[in-house]
Each structure stands twice: as C-alpha cells, then as structure tokens.
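1. I would like the atomic coordinates for the input below:
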Amino acid sequence: MSESTLYPKIRTKLKEIIHDLQLIHEFASECPPPTKLMVTGTVKLHGTHADILIYPDNTIVLQSRNCLNLSITADNHEFAASMATKTAALLSLRDRYYERSKRLFPKVVIDEHAPLILAGEWIGQNIQKGVALVHLSKRFVIVSASLNGGWEPDLLYAGLESEADGIYNISRAGFYHAAIDLADPEATEQRLQGIAEEIAAECPFAKTFGVKGAGEGVVWKFDSFPHRERVWFKTKGGPFKPNYAPRPTKGPPSDKVLDEQSAQQKTAVDCAKAWCSEGRLEQAWDYLRETGKERNIKGLGLFLKWIVEDILVEERWDMEQLGVQPGLLKKAIADIAKPWYIGKSGIYAS
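-> Numbers count the residues shown, from 1 in each chain. Below you'll find the predicted structure:
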C-alpha cells in the first residue's frame with residue numbers, strides 16, 4: 001500500500017487491469033505465466049466513502065475520499081459526528097482485528113506506528129439516491145481493512161463488525177467468485193457484468209436488513225494477491241454502468257474526408273460526451289461539498305480541475321488506445337462541464 005492513507009481509486013476496465021498485472025511481482029515472476037486467475041468480489045455500495053484509522057495508542061482519525069481529517073466541524077454527511085460517540089466500540093473492534101490477525105499469522109508482529117485502517121462506505125438516508133440503501137438509517141460498512149501498512153484479504157476478516165453501534169462488515173452480503181481468462185477478457189467481462197446486473201437489480205446488502213431495491217455492482221480483488229490495490233477493479237450494473245467512449249469509425253465519413261486535426265478534435269469531443277456523464281458531474285459537484293468549497297462561481301475552477309483530472313486518470317487506458325490528445329480532451333470536457341456547473345450552481349443558489 002502507498003504511504004498515503006487515502007483509499008485507492010478503483011478502475012473499471014478489465015483489459016487495463018490485465019495489462020497492469022505485468023507490474024505485479026507475484027504475477028510477473030511466475031513461469032510459465034498463468035492463463036487464468038481467480039478473483040473474489042464484494043458488493044459495491046452507493047454511499048460516500050469514509051475511513052476509520054485506529055492507532056495502537058488509541059488515537060482515532062476519520063477521513064473521507066478527499067479529506068485526511070474529518071471532524072464534527074468539518075464533516076461529511078455527519079460521519080464524524082456519529083463516530084464521535086463510538087470510541088469504545090471502535091477500540092474494541094480494533095482489538096478484535098488484532099486478535100484475528102494473531103490467530104491467522106502468529107509470527108507477525110503488529111507495527112506500533114501503523115494504524116488499522118477500516119475503509120468503508122457511509123450509507124443510508126439522504127446520502128445518495130436511487131438505491132435501496134437510502135431506506136436504511138445511516139451506518140458504516142467496512143469494505144477493506146489494512147494492517148501493518150498492507151491491505152488484508154476480505155475473506156479472512158469476514159464477520160468483524162459492531163452491529164449495536166451501526167458498524168457492519170460487507171461480508172454479510174456474501175462473496176462472489178469468478179475466473180479471469182487472461183486470453184479472453186471480453187468473455188470474462190460479460191460474465192462479471194452479469195453478476196453486476198443482478199446486484200444492480202436487487203442489492204444483496206440491503207436485503208440482509210429486509211430492504212429490497214436497486215444496488216450498484218461488485219469490487220473484485222485477485223485471490224493470489226488481494227493486497228495489490230493497483231489491480232483491484234469494479235463492475236457496475238444498471239444505471240451505474242459506465243459510459244465507454246465510442247470507437248472511431250474506420251475510414252472517412254461519407255460526406256467528406258476529415259483532416260487529421262479535425263479527426264482528433266472529433267475523437268476528443270466524442271470521448272468527452274461519453275465520459276462527462278451526469279453521475280461524474282454530480283461527483284465533481286459533491287467533491288466541493290465534501291471539501292467545504294463554495295458551490296458558486298468561485299468554485300468553478302476547482303470543479304473543472306477535479307473532473308478533468310478524474311477523467312484523465314480513470315480513462316487513461318482508452319485515451320491511449322484511441323490516441324486522444326489530452327489538450328483537446330480537456331477543452332472538450334470544459335465545454336460540457338462549465339455550462340452544467342453554471343446551471344447547477346444557479347439552481348443551488350436559488
């Protein structure tokens with residue numbers, strides 16, 4: 001895991017993940033290289049990301065996707081306010097993680113300087129919309145745990161939660177298992193997408209509380225190296241399924257031959273239209289709320305910066321495959337995102 005305690009961004013494109021397997025020592029060192037790898041998945045929840053860092057000296061730090069230190073006065077959907085009353089429960093939960101680690105790995109010594117990171121999702125009423133989770137009271141769900149500076153296999157720490165304190169483990173929704181055929185990623189993606197669509201139709205996590213309704217998808221980790229967050233990936237279903245950029249048509253358009261510059265411009269515009277989805281624009285808008293920035297004309301620059309950087313990171317693989325020029329793409333993104341923001345901030349202000 002990197003030095004930062006912020007939770008890693010999880011990508012969606014399986015071909016990109018398979019390409020990056022070459023950078024994973026455990027995979028690259030195998031001879032001959034495997035043709036198939038198993039992955040284990042957990043339900044992806046649609047809430048707002050939150051982490052609880054618990055140090056051996058009992059210090060507790062709360063953070064979100066973008067903020068390293070949440071507090072009651074600088075909160076994210078009342079997450080810090082809720083956790084402020086649960087110190088005893090959190091310390092007890094940390095001790096249970098330590099105890100299980102000692103049972104599983106008796107020779108491993110707990111690092112006195114590294115926190116236990118309980119990475120999770122803060123879900124429930126008024127956090128998101130369009131999913132079954134909105135019918136639950138606010139609660140924290142652990143989706144990953146880091147001990148001694150490294151992410152642990154989800155299966156090994158299943159069931160560790162504190163239900164009486166509104167802290168749950170994603171394991172209560174079960175685990176999904178699949179084989180990744182490295183030679184046929186398209187067929188694999190279809191199988192994984194089928195699982196994601198089932199979850200999008202009915203959220204297994206919400207169902208454990210007697211609530212039926214839509215879910216989002218699955219987060220997958222390789223069984224052989226679950227601690228390598230670089231190759232974690234997600235599959236989303238239903239309305240959360242990502243928009244993929246259209247592939248350029250082969251040959252010139254029927255009306256006229258575009259010169260190279262015009263063709264590049266068209267590709268950038270087409271990609272911006274695909275990638276500037278309503279969901280991504282809303283994410284950028286929510287980023288300003290989470291970080292305490294004004295959502296008026298003063299926040300426009302930060303809004304555009306976030307969405308451009310998010311697209312450049314998340315869509316890097318397709319950009320390279322399609323030969324998208326970053327400068328042209330940035331302008332095309334701004335041409336879409338700027339009027340959206342101006343309209344949104346005007347409605348918000350009124």
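
2. going forward, measure contacts and count neighbours with C-alpha atoms only.
-> OK.

3. Mind jotting down where the strands sit in the stretch 151-300 of the chain?
-> With DSSP state E, counting those that start in this stretch, the ranges of strands along the stretch 151-300 of the chain come out as 167-169, 176-181, 217-222, 233-236.

4. where's Thr208 relative to Tyr341, distance?
-> 38 Å (C-alpha to C-alpha, to the nearest Å).

5. When the two are compared, which one has more neighbours?
-> Taking other C-alpha atoms under 10 Å, Thr208 and Tyr341 do not tie; Tyr341 has more neighbours (22 against 11).

6. Do you know the pLDDT at that one?
-> Predicted confidence (pLDDT) for Tyr341: 95.

7. contacting residues around the closest residue to it other than its chain neighbours?
-> Excluding the flanking residues, the one nearest Tyr341 by C-alpha to C-alpha, 6 or more residues apart in numbering is Leu300, at 7.1 Å. Counting by C-alpha atoms under 8 Å, 6 or more residues apart in numbering, Leu300 touches 338, 341-342.

8. out of the residues you listed, who's nearest Leu90?
-> Each of these was scored against Leu90 by C-alpha to C-alpha, and Tyr341 proved nearest at 39.2 Å.

9. So the closest one lies in a strand, does it not?
-> No: under DSSP: H, G, I helix; E, B strand; the rest coil, Tyr341 sits outside any strand and is assigned helix.

10. could you list every residue that touches it?
-> Neighbour list for Tyr341: 285, 300, 303 [criterion: C-alpha under 8 Å, 6+ apart].

11. quick one: it from Val308, how far?
-> Look at Tyr341 and Val308: by C-alpha to C-alpha, they are 14 Å apart.

12. now the contacts of Leu300 as JSON lines including distance to Pro326?
-> Formatted as JSON lines, the contacts of Leu300 follow (distance: C-alpha to C-alpha, whole Å):
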{"residue": "Lys338", "distance to Pro326": "18"}
{"residue": "Tyr341", "distance to Pro326": "21"}
{"residue": "Ile342", "distance to Pro326": "24"}
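
13. closest to Arg96 among those residues?
-> For the contacts of Leu300, the closest approach to Arg96 (C-alpha to C-alpha) belongs to Tyr341, at 45.7 Å.

14. Go ahead and confirm Gly47 touches Asn126.
-> No: taking contacts as C-alpha atoms under 8 Å, Gly47 lies outside contact range of Asn126: 9.5 Å.

15. of these two, who's got more company?
-> More crowded of Gly47 and Asn126, by other C-alpha under 10 Å: Gly47, with 23 against 14.

16. ok, the more buried one - contacts?
-> 121-124, 127-128, 133.

17. Next one: the nearest residue to it once chain neighbours are set aside relative to Ile54, how far apart?
-> Using C-alpha to C-alpha, 6+ apart and skipping the chain neighbours, the partner closest in space to Gly47 is Ile123 (4.6 Å). Distance of Ile123 to Ile54, computed by C-alpha to C-alpha: 21 Å.

18. Between these two, which has more neighbouring residues?
-> Taking neighbours as other C-alpha under 10 Å, Ile123 and Ile54 compare with Ile123 leading, 25 against 22.

19. how near is the more buried one to Arg139?
-> From Ile123 to Arg139 the distance is 6 Å (C-alpha to C-alpha).

20. picking up where we left off before, of the strands of the stretch 151-300 of the chain, which is nearest Ile199?
-> strand 217-222 (5.7 Å).

21. correct me, but Val308 touches Lys331?
-> No: under the criterion of C-alpha under 8 Å, Val308 makes no contact with Lys331, lying 9.3 Å away.

22. of these two, who's got more company?
-> Neighbour count, other C-alpha under 10 Å: between Val308 and Lys331, Val308 has more, with 22 against 16.

23. so what's that one up against?
-> Contacts of Val308 were listed using C-alpha under 8 Å, 6+ apart, and they are 330, 333-334.

24. Now name the helix or strand holding the closest residue to Asn296 other than its chain neighbours.
-> Nearest non-adjacent residue to Asn296, counting by C-alpha to C-alpha, 6+ apart: Ser345, 5.4 Å away. Element membership for Ser345, per DSSP states H and E: helix 326-349.

25. Can I get that helix as CSV, trimmed to CA atoms?
-> In CSV, the C-alpha atoms belonging to helix 326-349 read as follows (Å, rounded to 0.1, in the frame of the first residue of the first chain):
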residue,chain,number,x,y,z
PRO,A,326,-5.1,15.5,-23.7
GLY,A,327,-5.2,19.2,-24.6
LEU,A,328,-8.1,18.7,-27.0
LEU,A,329,-9.9,16.5,-24.5
LYS,A,330,-9.5,19.0,-21.6
LYS,A,331,-11.1,21.7,-23.8
ALA,A,332,-14.0,19.4,-24.8
ILE,A,333,-14.6,18.4,-21.2
ALA,A,334,-14.7,22.1,-20.1
ASP,A,335,-17.2,22.9,-22.9
ILE,A,336,-19.6,20.3,-21.4
ALA,A,337,-18.8,20.7,-17.7
LYS,A,338,-18.8,24.5,-17.5
PRO,A,339,-22.3,25.2,-18.6
TRP,A,340,-23.5,22.3,-16.5
TYR,A,341,-21.9,23.8,-13.4
ILE,A,342,-23.2,27.3,-14.1
GLY,A,343,-26.8,25.9,-14.4
LYS,A,344,-26.4,23.8,-11.3
SER,A,345,-24.9,26.5,-9.2
GLY,A,346,-27.7,28.9,-10.2
ILE,A,347,-30.4,26.4,-9.2
TYR,A,348,-28.5,25.6,-6.0
ALA,A,349,-28.2,29.3,-5.1
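
26. That'll do, ta.
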